[in-house]
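J.: below are the sequence and a predicted model for it; my questions follow.
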Amino acid sequence: MEIAQDTVEKLADGWRLDDVRLVGRGLEFTVYRARDAEGRAVVLRLAPRRFDSNANDPDVDTRALLVKEYEITRHLTGLGLPVAEPLHLHLADPPDVPDVLVSRYVDDDGSPLDNGDLGRLLARLHGLPAPRLAPAATGEQSCAEVIRARLERRWREVGRLVPDWPAPPDRAVLADHLASLTGRSLVHLDVRSANLRRHHGRVRALLDWSNALIADPVVEFARLTEYARYAENELDVEALRAGYATVREAPPEDATAMLACRLDTAVMLALVFLSEAPDPERGPPAAAHARELAERLTVRRT
């Protein structure tokens, strides 16, 4: 479902926006760049649907995600962390009018990412007071419960797409591995080149907080490790760790929960490449990698 152009034009007229241009379209949101009445470059993040569904997340409340983005970026702006500063959150009443988050536009010079700088930024993020909110993805569950539940559900979903897919890892095994996730930091969980704005390699803004959780930093590093397998994400985990360590201690690579959290990400990526953005060259290897991590998890237990 796309947002009708006349709807976008009416919104632009009502908010006195000029030079409105489509700049991106994702699973849940469509993004436009514009200039507001004060001459500022801004970004509009619109939700074409109030609720959405995909293989990884069958019950997506897009309004809750926009509210979450607004609250997190407002919190981090106040603490001096580089994000796209939120300006307005418009929650629409009519069903044919999309919810919209308006934020400052942050330019990017296309320079190669300085992973050491990114590591220092993530260390700052993890050391800041977490915002007072329950991220939309968690409800009242703990971080470990969220990961275990979604890993099991997504594992079954991969099984609908891959022949001879095994049973999911034993629930007790997962629980044992995840029990050590006691940290209470704000973690981003979608750190990759596409969500970073930089100047001379240094990060000017960390974008898109839809996946964020209040969780142990181990969860962040597990996701970074898996994302680094794909060159377009521009992640060098070793350099990132080195930068992080100049600010605070990084979670050990062999942390008890690391393998289970990597599996959480690997299963998610398998579904991306098998279903959400089908890629015949990446889908089967991604599923095989997730299966290998699950086998390692079981071996470590025995």
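T.: Good, I have the coordinates.
J.: use CA for all of it now, contacts and neighbours both
T.: Will do.
J.: so where's the stretch 201-302 of the chain shaky on pLDDT?
T.: 300-302 (pLDDT under 70).
J.: what ranges do the strands span in it?
T.: 202-206, 213-215 (DSSP state E, counting those that start in this stretch).
J.: for Arg248, give me its contacts.
T.: Under the criterion of Cα atoms under 8 Å, 6 or more residues apart in numbering, the neighbours of Arg248 are Ala123, Gly127.
J.: can you report phi and psi for it?
T.: Here is the backbone geometry of Arg248 (degrees, to the nearest 10): phi -160, psi 160.
J.: please apply the same query to Val102.
T.: Torsion angles, degrees, to the nearest 10, at Val102: phi -110, psi 130.
J.: tell me if I'm right that it and Asp36 touch.
T.: No: using Cα atoms under 8 Å, Val102 is not in contact with Asp36, being 9.9 Å away.
J.: compare these two (neighbour count), which wins?
T.: For Val102 versus Asp36, neighbours defined as other Cα atoms under 10 Å are more numerous around Val102 (23 against 19).
J.: go through the strands of the stretch 201-302 of the chain and pick out the most buried.
T.: Using mean count of other Cα atoms under 10 Å, the stretch among the strands of the stretch 201-302 of the chain with the largest mean neighbour count is strand 213-215, at a mean of 23.
J.: and that strand, how far from the chain's centre?
T.: Taking Cα atoms, centre = their mean, to the nearest Å, one finds strand 213-215 lying 12 Å from the centre of the chain it belongs to.
J.: which elements pack onto that strand?
T.: helix 143-159, strand 185-187 (3 or more Cα pairs under 8 Å, 6 or more residues apart in numbering; DSSP states H and E).
J.: dump the strands of the stretch 201-302 of the chain into a markdown table; add distance to Asn115 as well.
T.: Listed next are these as a markdown table, based on distance: least, Cα to Cα, whole Å:
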| stretch | distance to Asn115 |
| --- | --- |
| strand 202-206 | 8 |
| strand 213-215 | 22 |
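J.: where do the helices of the stretch 201-302 of the chain begin and end?
T.: 217-227, 237-245, 258-271, 283-301 (DSSP state H, counting those that start in this stretch).
J.: could the ones you listed go into a markdown table alongside mean neighbour count?
T.: Below are these laid out as a markdown table (neighbours: other Cα atoms under 10 Å):
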| stretch | mean neighbour count |
| --- | --- |
| helix 217-227 | 24 |
| helix 237-245 | 19 |
| helix 258-271 | 25 |
| helix 283-301 | 17 |
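J.: Serialize those helices to JSON lines and add fields for distance to Ala41.
T.: Below are the helices of the stretch 201-302 of the chain laid out as JSON lines (distance: least, Cα to Cα, whole Å):
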{"stretch": "helix 217-227", "distance to Ala41": "30"}
{"stretch": "helix 237-245", "distance to Ala41": "31"}
{"stretch": "helix 258-271", "distance to Ala41": "33"}
{"stretch": "helix 283-301", "distance to Ala41": "38"}
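J.: closest to Val97 out of those?
T.: Evaluated over the helices of the stretch 201-302 of the chain, closeness to Val97 peaks at helix 258-271, with 30.6 Å, by Cα to Cα.
J.: and the angle for that closest one with helix 283-301?
T.: On the basis of axes from the mean of the first three to the mean of the last three Cα atoms, to 10 degrees, helix 258-271 is oriented at 160 degrees to helix 283-301.
J.: for helix 258-271, name the packing helices and strands.
T.: The helices and strands touching helix 258-271, judged by 3+ Cα pairs under 8 Å, 6+ apart, are helix 143-159, helix 171-178, helix 217-227, helix 283-301.
J.: Ala239: which of these is closest?
T.: With Cα to Cα as the yardstick, what comes closest out of the helices and strands packed on helix 258-271 is helix 217-227 (11.9 Å).
J.: just checking, what packs against that closest one?
T.: Contacts defined by 3+ Cα pairs under 8 Å, 6+ apart place helix 217-227 against strand 185-187, helix 258-271.
J.: any idea of the angle it forms with helix 258-271?
T.: Using the same axes, to 10 degrees: helix 217-227 against helix 258-271 is 50 degrees.
J.: re earlier: so can I have CSV of the helices and strands packed on helix 258-271 showing distance to Ser185?
T.: Converted to CSV, those look like this (distance: least, Cα to Cα, whole Å):
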stretch, distance to Ser185
helix 143-159, 11
helix 171-178, 16
helix 217-227, 7
helix 283-301, 25
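J.: nearest to Ala194, out of these?
T.: Ala194 lies closest to helix 217-227 among the helices and strands packed on helix 258-271, at 11.8 Å (Cα to Cα).
J.: coming back round to it: which residues do Val102 and Asp36 both contact?
T.: Common neighbours of Val102 and Asp36, counting by Cα under 8 Å, 6+ apart, are Val42.
J.: rewinding a little: out of the strands of the stretch 201-302 of the chain, nearest to Leu76?
T.: With distances scored as Cα to Cα, the stretch of those nearest to Leu76 is strand 202-206 (10.4 Å).
J.: I'm done for today, thanks for sticking with me.
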